[in-house]
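In: no FASTA, just this:
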Ligand SMILES: Nc1nc2c(ncn2[C@@H]2O[C@H](COP(=O)(O)OP(=O)(O)OP(=O)(O)O)[C@@H](O)[C@H]2O)c(=O)[nH]1
Ligand SMILES: [Mg+2]
């Protein structure tokens, strides 16, 4: 059988996690319309006919403003070397700019076969796609270029086929029933964070982290206590909302998804806590699971 590791790289919000979920056919990585949704390295395992591909979803590479952002970039950079194939995902509806230059300057993808995925072609003009193709062909002449609409799974089958052609003969690294390397606590944290990202606007989502204090399982139920960490008092008020309406909505939406994920009834209690400037605090970054070296 063929098998190997594939890193999914790119700027924030280009559709990396959507590609992973589309290929795995299961939501292993959260997706929102906000930049910097993914904050960790997340493995998703594709089990095909005589092929196993371990995809590594990564945080979007961006010019960092806090230590958290640096750690997120480092997670992405560090996955690009020890893989069999790199996928560089590009938003085809946007023209090539500073953010793309920043990525190419900082990311070392020279020595590994590269597939450039021009995603969101549903939102791009044919002429714009051609300009991007010419640009990437000039910059990275060895790379294979594929156009996709990840949201509709368009051309993801072609992407799998193209990756498989690059892969060596290898072992089955993961058992067939395993689709991700992330555990229950991680998935629960991410479900809650996704709801916060979706319900809150602009700056606040970047300032939050989720901490799962406790999970108690019985056969039919799970009792979960989790804390939404914010950076400032003012953000605490925003998360809670007038008459606690917003936190209730976050809790309701998260509970429904966690119930689907665990397959049992869930009681979810959410608290909000201010932890000033946690995004620049090494110890707190580690506590909340955002230190690059801890991901390896
Ligand atoms: N129109 C269109 N939207 C897409 C497509 N693929 C993904 N999206 C949307 O783009 C947004 C970002 O998708 P994500 O998968 O979270 O992007 P990401 O690259 O993982 O983002 P980060 O985790 O922040 O780095 C979401 O709103 C998706 O629904 C596509 O092919 N077409
Ligand atoms: Mg993502």
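Out: The structure has been received and is ready for your questions. What you see is a predicted model; the values in this text were computed from it and never measured. Ligands and ions are numbered 1, 2, ... in the order given.

In: switch to C-alpha atoms for all contacts and neighbour counts from now on
Out: Will do.

In: could I get the phi/psi values of the residue nearest the centre of the chain?
Out: The centre of the chain sits closest to residue 38, judged by CA atoms, centre = their mean, with a distance of 3.3 Å. In terms of degrees, to the nearest 10, the main-chain angles of residue 38 are phi -80, psi 130.

In: ok, for it, nearest residue in space, not its chain neighbours?
Out: Nearest residue to residue 38, sequence neighbours excluded (CA to CA, 6 or more residues apart in numbering): residue 59, at 4.9 Å.

In: the one you found contacts residue 15, correct?
Out: No. Counting by CA atoms under 8 Å, residue 15 is not a contact partner of residue 59; they are 11.0 Å apart.

In: higher neighbour count, those two?
Out: Using other CA atoms under 10 Å as the criterion, residue 59 and residue 15 rank with residue 59 on top: 29 against 26.

In: ok, that one - contacts?
Out: Residue 59 sits next to 9, 12, 36-41, 72-73, 75-76 when contact means CA atoms under 8 Å, 6 or more residues apart in numbering.

In: try 7 Å
Out: 36, 38-41, 72-73, 76 (CA atoms under 7 Å, 6 or more residues apart in numbering).

In: and residue 163, by the same measure?
Out: Contact analysis of residue 163 by CA under 7 Å, 6+ apart lists nothing.

In: can the one helix or strand it maps to be said to contact ligand 1?
Out: Using DSSP states H and E, residue 163 maps to helix 156-166. No. Helix 156-166 lies out of reach of ligand 1 by CA under 6 Å from any ligand atom, never closer than 10.4 Å.

In: which parts of that helix are buried?
Out: Across helix 156-166, burial judged by 16 or more other CA atoms under 10 Å covers 156, 159, 163-164.

In: for the residues you listed, give me CSV that also has distance to residue 282 and pLDDT.
Out: What follows is these, written out as CSV (distance: CA to CA, whole Å; pLDDT from 0 to 100):
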residue, distance to residue 282, pLDDT
156, 38, 98
159, 38, 98
163, 37, 98
164, 39, 98
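
In: give me the below-cutoff pLDDT ranges for the protein.
Out: 293-296 (pLDDT under 70).

In: and residue 113, what does it touch?
Out: 85-86.

In: and the residue of the stretch 51-200 of the chain closest to ligand 2?
Out: residue 59 (6.0 Å; CA to the ion).

In: that residue belongs to a helix?
Out: No. Applying DSSP: H, G, I helix; E, B strand; the rest coil, one finds residue 59 to be coil, outside a helix.

In: picking that back up, residues contacting the residue nearest to the centre of the chain?
Out: 30, 58-59 are the contacts of residue 38 under CA under 7 Å, 6+ apart.

In: make JSON lines out of those residues and add distance to residue 292.
Out: Formatted as JSON lines, those follow (distance: CA to CA, whole Å):
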{"residue": "30", "distance to residue 292": "19"}
{"residue": "58", "distance to residue 292": "11"}
{"residue": "59", "distance to residue 292": "11"}
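
In: what does residue 46 show for phi and psi?
Out: Residue torsions, per degrees, to the nearest 10, at residue 46 are phi -100, psi 120.

In: give the contact list for it.
Out: The neighbours of residue 46, taking CA under 7 Å, 6+ apart as the test, are 24, 52-54, 179.

In: and for residue 84?
Out: In this structure, residue 84 makes contact with 4-6, 112, 167, judged by CA under 7 Å, 6+ apart.
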